[in-house]
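Q: got a structure for you, letters missing:
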């Protein structure tokens, strides 16, 4: 498609990257970015670029990617529970200051010939352009005013973003028990000698700590919009004093929030197309808004290059991107539910907790994780079996080792994890294990000699059933077994090592 003029609403990573790629693909086209903020003002701290995202950026625009990686900071990942720490080697992760990311993208956009306009608020309807790319963020005015069928789901947990003025050695996930409840940080170093500290907690803990008075998330704000919740920052400095090495937390409009998952029925209308957070979001524990927006930009420019007209290009863009986005949103939904219920798992040994973390959304099989982090998986298997293990078996023997491990539950002993006694059957077909329907299942399990959870044979249903089983066994203490097809044995095996279930029943049903 020949483009005469393109307007981009929003000067974030997605908008800037789309503008550059559009200009490179259409040198004669006028491309202008309209950003309502100041070029020297940004909010947030670090941004992470995973290996998969780097590969896609490399293929689309190697010059930009090379400068981003050169400016970033590589790091591994650790989990710390009390004095216990485990590490996963993964130095392909790159942490980059958001200010630096935007600086690189602005320079490369201008180098390509893109015009940048700052400090003015524009709407899609007032712009004379062949294509308007609406990259105006999670609170997109374009989406809200247009016929895009947008809907927003608000999470149960609470989180805030802050930072520290030194670089951590690695990314770290660390829960800390306080007098009010559990707070957990996801923290990682980034370029410029700083670290991001994301802190999460549940609503009960948040209220017990009095933070509903300092920033009432999504309600009346006690802290001004352009300020940070200093009460929370000062308290959390004490909670995470070890990880912070006694240093202060830095705020930047830091306040408690609930995550908003954005979905839209359609991504385009007329000459306007949504990109990034304006079209969709995925929980930060597994989905990066920056990643999604920049990958959207690649697909949009490819579609505009390949198709003869705008409607066909927009349709192709959505057809290509929507399945990937929806898959990531589903993974992120599972991850979000796991984090929102995180405090119940802190009794697990740290290596088993790391396995639970890696397998929480169902996208990292245990055998693949064993290749990446054999020492972690070996230790987790020792803890799971309750006895010293020999060498870590190869991928073909890992599942057999797990399934063959004996189990002692109360005064009962089982020779392996597939010898299942006569237990009370409970049908489970839920979307959210922590919903009222999940509460009812837990209540029904209490007082029984054990339960066998049954349900549909498809993989999403099985993954949710394992989460339901985890609630049942942790909250009721009864023996718990999960039924699932033999074709999904690997998911059941990961569920055993992660403490989601005690026993499994392999069926011949098709997954």
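A: Sure thing, it's come through. These figures come from a predicted structure and were not determined experimentally. Numbering: from 1, shown residues only.

Q: quick one: contacts of stretch 37-55?
A: Counting by C-beta atoms under 8 Å, 6 or more residues apart in numbering, the neighbours of stretch 37-55 from elsewhere in the structure are 11, 13, 57, 65, 68-69, 72, 92-99, 101-102, 106, 116, 118-119, 161-163, 188-191, 194-197, 250, 252-253, 288, 290-291, 294-295. For glycine as for every other residue, the C-beta is placed from the backbone atoms N, C-alpha and C.

Q: and those residues, which are buried?
A: By neighbour count, with 16 or more other C-beta atoms under 10 Å, these hold 11, 13, 57, 65, 68, 72, 93-99, 101-102, 106, 116, 161-163, 188-191, 194-197, 250, 288, 290-291, 294-295 as buried.

Q: Now do the helices in the stretch 51-200 of the chain.
A: 51-60, 62-71, 98-112, 141-145 (DSSP state H, counting those that start in this stretch).

Q: got the buried residues for the last one?
A: By that I understand helix 141-145. Taking 16+ other C-beta under 10 Å as the neighbour-count basis, helix 141-145 is seen to contain the buried residues 141-143.

Q: and the nearest residue to residue 10 once chain neighbours are set aside, what does it touch?
A: Closest residue to residue 10 apart from its sequence neighbours, by C-beta to C-beta, 6 or more residues apart in numbering: residue 135 at 3.8 Å. Contact analysis of residue 135 by C-beta under 8 Å, 6+ apart lists 8-10, 12, 14-15, 18, 275-276, 278, 293.

Q: any idea how far residue 136 is from residue 47?
A: 18 Å (C-beta to C-beta, to the nearest Å).

Q: Give me the more crowded residue out of these two.
A: Taking residue 136 and residue 47 together and counting by other C-beta atoms under 10 Å, residue 136 has the greater number of neighbours (30 against 24).

Q: For the more buried one, which residues are in contact?
A: Under the contact definition (C-beta under 8 Å, 6+ apart), the residues listed for residue 136 are 9-10, 15, 142-143, 278.

Q: If we use 10 Å, what do you get?
A: Contact partners of residue 136, counting by C-beta atoms under 10 Å, 6 or more residues apart in numbering, are 8-12, 14-15, 34-36, 121-124, 142-144, 274-278.

Q: Residue 201 pairs with what?
A: When bridges are taken as DSSP bridges, the partners of residue 201 come out as residue 158.

Q: so it touches residue 177, yeah?
A: No - between residue 201 and residue 177 there is no contact, the gap being 11.4 Å when judged by C-beta atoms under 10 Å.

Q: for the protein, which spans come out with low pLDDT?
A: For the chain, residues meeting the criterion pLDDT under 70 lie at 40-42, 91, 216-222, 287, 389-392, 394-396, 510-511.

Q: what's the domain layout of it?
A: When the chain is parsed with automatic domain parsing, its domains come out as 5-72+92-151+261-337, 158-244, 347-507.

Q: Take the ones you listed and write them to CSV, including distance to residue 83.
A: What follows is the domains of the chain, written out as CSV (distance: least, C-beta to C-beta, whole Å):
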stretch, distance to residue 83
domain 5-72+92-151+261-337, 25
domain 158-244, 10
domain 347-507, 10
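
Q: Figure out which of the ones you listed is closest to residue 78.
A: With respect to residue 78, and counting by C-beta to C-beta, the nearest of the domains of the chain is domain 158-244 at 4.7 Å.

Q: and the end-to-end length of the closest one?
A: The stretch domain 158-244 measures 21 Å between its terminal residues, going by C-alpha to C-alpha, to the nearest Å.

Q: Could you do stretch 474-483 as well?
A: Between the opening and closing residues of stretch 474-483 we find a distance of 18 Å, counting by C-alpha to C-alpha.

Q: Mind listing what's buried along that stretch?
A: Along stretch 474-483, these residues count as buried under the neighbour rule (16+ other C-beta under 10 Å): 474, 476, 478-483.

Q: Show me where the stretch 351-500 of the chain has its helices.
A: Assignment of helices within the stretch 351-500 of the chain using DSSP H, counting those that start in this stretch yields the ranges 366-372, 374-385, 395-403, 436-445, 459-476, 489-497.

Q: Centre of the chain to the strand of greatest length in the chain, how far?
A: Criterion DSSP state E: the longest strand present in the chain is strand 84-97. In terms of C-alpha atoms, centre = their mean, to the nearest Å, the centre of strand 84-97 is found 15 Å from the chain centre.

Q: List the strands paired with it, with their directions.
A: Here strand 84-97 has these sheet partners by DSSP bridges: strand 46-49 (antiparallel), strand 73-81 (antiparallel).

Q: just to revisit the earlier point, make a ChimeraX selection of the buried ones in the contacts of residue 136.
A: Buried members of the contacts of residue 136, identified by 16+ other C-beta under 10 Å, are gathered into one ChimeraX selection as follows:
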select :8,9,10,11,12,14,15,34,35,122,124,142,143,274,275,276,277,278
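
Q: Which of the contacts of residue 136 fall in strands?
A: For those, membership in strands holds for 8-9, 34-35, 274, with DSSP E as the criterion.

Q: Let's have the residues you listed in CSV, adding distance to residue 420.
A: Supplementary listing: the ones in strands among the contacts of residue 136 in CSV, determined by distance: C-beta to C-beta, whole Å:
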residue, distance to residue 420
8, 58
9, 57
34, 62
35, 60
274, 49
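
Q: Taking those residues together, which two end up most distant?
A: Going by C-beta to C-beta, the two entries of the ones in strands among the contacts of residue 136 that are most distant from one another are 35 and 274, at 16.8 Å.

Q: separation between the residue lying closest to residue 340 once chain neighbours are set aside and residue 301?
A: Using C-beta to C-beta, 6+ apart and skipping residues adjacent in sequence, the residue nearest residue 340 is residue 157, 3.9 Å away. From residue 157 across to residue 301, the span is 36 Å (C-beta to C-beta).

Q: Can you pick out the residue with more neighbours from these two?
A: Comparing residue 157 with residue 301 by neighbour count (other C-beta under 10 Å), the higher total belongs to residue 301, at 25 against 22.

Q: which ones are touching that one?
A: With C-beta under 10 Å, 6+ apart, residue 301 has these contacts: 17-26, 60-61, 133, 313, 317.

Q: and what of residue 271?
A: Going by C-beta under 10 Å, 6+ apart, residue 271 touches 6-7, 124-125, 127-133, 310-311, 314.

Q: please redo it, this time with the cut-off set to 6 Å
A: 131-132 (C-beta atoms under 6 Å, 6 or more residues apart in numbering).

Q: Numbering from 9 from now on, please.
A: Right, with 9 as the first residue, what we last looked at is residue 279.

Q: Now the phi/psi pair for it, please.
A: Summarising the backbone geometry of residue 279 under the convention degrees, to the nearest 10, its torsions are phi -100, psi 10.

Q: do you know how far it is from residue 154?
A: Spatial separation of residue 279 from residue 154 under the definition C-beta to C-beta is 11 Å.

Q: Equivalent analysis for residue 178, please.
A: Remark: distance between residue 178 and residue 154 (C-beta to C-beta) = 43 Å.

Q: same deal with residue 358?
A: Taking C-beta to C-beta as the measure, residue 358 and residue 154 are separated by 48 Å.

Q: same for the longest helix anywhere in the chain, what does it pack against?
A: Among the elements of the chain assigned as helix by DSSP state H, the one spanning the most residues is helix 318-348. Using 3 or more C-beta pairs under 6 Å, 6 or more residues apart in numbering; DSSP states H and E as the contact test, the elements touching helix 318-348 are helix 297-314.

Q: Please point out which parts of the helix it packs on sit buried.
A: Using 16+ other C-beta under 10 Å as the burial criterion, the residues of helix 297-314 that qualify are 297-312.

Q: What is the nearest of these to residue 390?
A: Taking C-beta to C-beta as the measure, residue 390 lies nearest residue 299 of those, at 35.4 Å.

Q: buried stuff in stretch 495-511?
A: For stretch 495-511, the buried set under the neighbour-count rule, 16+ other C-beta under 10 Å, comprises 496-511.

Q: Fine, thanks again, bye for now.
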